[in-house]
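A.B. asks: Sequence plus the predicted model coming up.
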Amino acid sequence: MEKKERKPVYYSEYLQLDKILNAQYPESAKEGIKADDEMLFIIIHQSYELWFKQILHELGIVRGIFQKENIENSTADIYNSVHRLKRVCKIMEVAVIQMGVLETMTPLDFLDFRDLLRPASGFQSIQFKMVEAILGLKYDQRHGKAYYLSQLTEADRERVKSVESQESLLVLFDRWLTRMPFVKNKEYWGENNDASFWSKYRDAYHSSLSEGEMQNMNTFDAIFINEDAYPEGRSFSVEASRNAMFIMLYRDRPLLQLPYELLNTLLEVDELLSMWRHRHIHMVQRTIGKRVGTGGSTGAEYLKGAADSHYVFKELAELTSFLLPRHLLPVLPDSLVSDLGFKR
């Protein structure tokens, strides 16, 4: 079959530059007001939305991987997921740094056109809300829920609700962690399953605590020892929390290295989103002080409330409270050590 000749690709047509470079319509220009920095303001926010689109693309690929019934550690799936999430982290690093470009706009520069933007607000960024939702932030966990959807059009509300109704990455990671066989496999631990392991670990952990840290034992026992006392409202199940802890403890074992990278990268995503939110808070405080946002929110105060509460993977971060140095870790059964290594 004769190969069909493709039309030559031209740079500006491929990138749709006519659309992109002609998509800036300053409100000040419409009103005949001189506001030279509005162009910067528009381009910064447009570039953020492009980055959010790319983040959604990467997270969608990861979600597709973890929606599988079974994910073998020996396949490329875990590596691909880590790779995609690390790219998200790099994008968020750019997003944080990019805030510095916006900060070159002084408060007076912003006031030249700020009132013309009402009631538009960055709060109406649908894509950022979708990023939070696909990661696992639930509607009930959002700061200022009453305000959350009221500022959106009906079409945009439905877009966000649609994402919130789907299984988030947090839910999928919980399912993946729960399936991990190493901690509760009778072939390794006998009829007691993992009870003997956690009992030994508890003794070592208890002896490592200072007097002021002894209250940690209550939470430790609720998560790792007494399943009936597992705290209500946690996003991760008992088994998922224990398996995540096991991965963190024995991350040096070959088969656990990529799962550990995955967990660690999730914490990095949370951290960078927090850094972006806090950089935004400082920029808003510096630019408008205690004035309300253009969308009617309490401005910096609202942003601070969201920044303090919108952590998705905080339960993974809290597990570090229970880590031990390597030389105090319980020795694993030889059969488990073998299965966590590279097969010859």
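C.D. replies: Cool, got the structure.

A.B. asks: ranges for the helices of the stretch 201-344 of the chain?
C.D. replies: Using DSSP state H, counting those that start in this stretch, the helices of the stretch 201-344 of the chain run over residues 216-220, 238-249, 254-288, 300-309, 314-318, 334-339.

A.B. asks: Might you list the low-confidence residue ranges for the stretch 1-150 of the chain?
C.D. replies: Applying pLDDT under 70 to the stretch 1-150 of the chain flags the ranges 1, 73-74, 143-149.

A.B. asks: need the helices for it, in chain order.
C.D. replies: 11-14, 17-20, 27-31, 38-66, 77-102, 107-111, 126-135, 145-150.

A.B. asks: what sits up against the first one?
C.D. replies: Residues from elsewhere that reach helix 11-14, judged by Cβ atoms under 8 Å, 6 or more residues apart in numbering: 17-18. Quick note: C-beta positions are derived from backbone N, CA and C, even for glycine.

A.B. asks: Pull that helix out as PDB, backbone CA atoms only.
C.D. replies: Taking C-alpha atoms only, helix 11-14 is exported to PDB below (Å, rounded to 0.1, in the frame of the first residue of the first chain):
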ATOM      1  CA  TYR A  11       6.000  25.600  13.500                       C
ATOM      2  CA  SER A  12       3.400  28.300  14.100                       C
ATOM      3  CA  GLU A  13       0.500  26.200  12.700                       C
ATOM      4  CA  TYR A  14       1.600  23.200  14.900                       C
END
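
A.B. asks: Buried residues, that helix. List them.
C.D. replies: Buried residues in helix 11-14, counting neighbours by 16 or more other Cβ atoms under 10 Å, are absent.

A.B. asks: Same list, the helices of the stretch 1-150 of the chain, but as TSV with distance to residue 120 please.
C.D. replies: As requested, the helices of the stretch 1-150 of the chain are arranged in TSV below (distance: least, Cβ to Cβ, whole Å):
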stretch	distance to residue 120
helix 11-14	29
helix 17-20	20
helix 27-31	9
helix 38-66	10
helix 77-102	16
helix 107-111	14
helix 126-135	13
helix 145-150	14
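
A.B. asks: right, so of those, which gets closest to residue 173?
C.D. replies: helix 38-66 (6.6 Å; Cβ to Cβ).

A.B. asks: Out of the helices of the stretch 1-150 of the chain, which is the most enclosed?
C.D. replies: Greatest average neighbour count among the helices of the stretch 1-150 of the chain goes to helix 126-135 (a mean of 21), per mean count of other Cβ atoms under 10 Å.

A.B. asks: what's the closest of the helices of the stretch 201-344 of the chain to residue 38?
C.D. replies: helix 254-288 (13.8 Å).
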